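Engineer: Sequence first, then the predicted structure:
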Amino acid sequence: MDKISIVGLALGIAAILVGQVLEGGHIASLIQPTAFLIVIGGTLGAVMLQSPLPIFMTGVRISRWVFLPPDTDPGKLIEQVARWSHVARKEGLLALEAQIPQVPDPFMRKGLQHLVDGVEPERLREVLEVEIGAYEEQMKQAAKIWEAAGGYSPTIGILGAVMGLIHVMENLSDPSKLGAGIAVAFVATIYGVGAANLIFLPVAKKLLANIARLVTLREMFVDGLVGIANGDNPRIIESRLQGYFA
């Protein structure tokens, strides 16, 4: 559980609500279902329009990483690669074949299989780096749907405000309703700007940070496999991998 994400979101929302009260306003005046529908629904529609379905679904799926980040502990990976290195040094590369079913990650399973199959070190690096590049690009595109939402929502919030003002102008014959009507109209702008800067853009940045860390782990893994294929000393391999997160 990423506690700082929870605290940050709660702090941001609380600051706005407390500020509203300190200014003499009422929290209830910020609750407008129609404005919420316009901003969130319009933003969702715009993001869906710009994104292929697989990218959109991946972006929604990985949003949980904001609060439940993926396991990116380099220590576990370094320990695992070092253990494989010792096995390969003592018993040969074919002895690692028994380790393949125990590896849960498909990318790592594939890499270990190539190593056991005797693929040349540079060819091994080339093949796996191509897959890393494709993975990184796909995941970045998925994370950027949240960045796109952060770009669309303020504009759609303004659209909601204008729609509200149109409704106010239609009721100019009753001046007693003008103040409240204008206030309600601008709630849509608050939703649009607030959602962009408190939710959508921070979520995008947090996801991109997690993706960068996952990519670094894969690069570490490839470096370790190439070291094993080259017959490097296990201690040298371990020391080199530790440098990725020094």
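Structural biologist: It's in.
Engineer: Domain-wise, how is this protein divided?
Structural biologist: 1-31, 34-246 (automatic domain parsing).
Engineer: would you list these in a markdown table and tack on mean pLDDT?
Structural biologist: A markdown table is the format used below for the domains of the chain (pLDDT from 0 to 100):
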| stretch | mean pLDDT |
| --- | --- |
| domain 1-31 | 84 |
| domain 34-246 | 89 |
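Engineer: taking these together, which one is wrapped up most tightly?
Structural biologist: Comparing the domains of the chain by mean neighbour count (mean count of other Cβ atoms under 10 Å), domain 34-246 comes out on top with a mean of 17. (C-beta placed from N, C-alpha, C; glycine too.)
Engineer: now whichever helix or strand Ala14 is part of, how far from the centre of its chain.
Structural biologist: For Ala14, the element it lies in under DSSP states H and E is helix 3-22. Relative to its chain's centre, helix 3-22 lies at 21 Å (Cα atoms, centre = their mean, to the nearest Å).
Engineer: go on, stretch 2-14?
Structural biologist: Relative to the chain's own centre, stretch 2-14 is displaced by 16 Å; criterion: Cα atoms, centre = their mean.
Engineer: how about the nearest residue to the spatially most central residue of the chain, chain neighbours excluded?
Structural biologist: With distances taken as Cα atoms, centre = their mean, Leu207 lies nearest the centre of the chain, 1.9 Å away. In space, and not counting its chain neighbours, Leu207 is closest to Ala143: 3.8 Å by Cβ to Cβ, 6 or more residues apart in numbering.
Engineer: looking just at contacts, which helices and strands does the strand or helix carrying that neighbour meet?
Structural biologist: Secondary structure from DSSP H and E places Ala143 in helix 121-169. Applying 3 or more Cβ pairs under 8 Å, 6 or more residues apart in numbering; DSSP states H and E, we find helix 121-169 packed against helix 33-50, helix 53-61, helix 106-116, helix 178-195, helix 201-230.
Engineer: Do I have it right that Lys144 meets Ala204?
Structural biologist: Yes. Counting by Cβ atoms under 8 Å, Ala204 is a contact partner of Lys144 at 6.4 Å.
Engineer: how near is Leu9 to Ile16?
Structural biologist: Distance, Leu9 to Ile16, by Cβ to Cβ, to the nearest Å: 11 Å.
Engineer: joint contacts of those two?
Structural biologist: Residues touching both Leu9 and Ile16 by Cβ atoms under 8 Å, 6 or more residues apart in numbering: Leu198.
Engineer: what secondary structure does the residue lying farthest from the centre of the chain sit in?
Structural biologist: The centre of the chain is farthest from one residue, Ser173, which by Cα atoms, centre = their mean lies 50.0 Å away. Under DSSP: H, G, I helix; E, B strand; the rest coil, Ser173 falls in the coil class.
Engineer: gap between it and Met163?
Structural biologist: As for Ser173, its distance to Met163 is 19 Å (criterion: Cβ to Cβ).
Engineer: cool, and Val130?
Structural biologist: Taken as Cβ to Cβ, the span from Val130 to Met163 is 49 Å.
Engineer: Contacts only, for the residue lying closest to Glu120 once chain neighbours are set aside.
Structural biologist: Spatially, and ignoring its direct neighbours in sequence, Glu120 is nearest to Ala229 (7.6 Å; Cβ to Cβ, 6+ apart). Residues in contact with Ala229 (Cβ under 8 Å, 6+ apart) are 93, 115, 119-121, 124.
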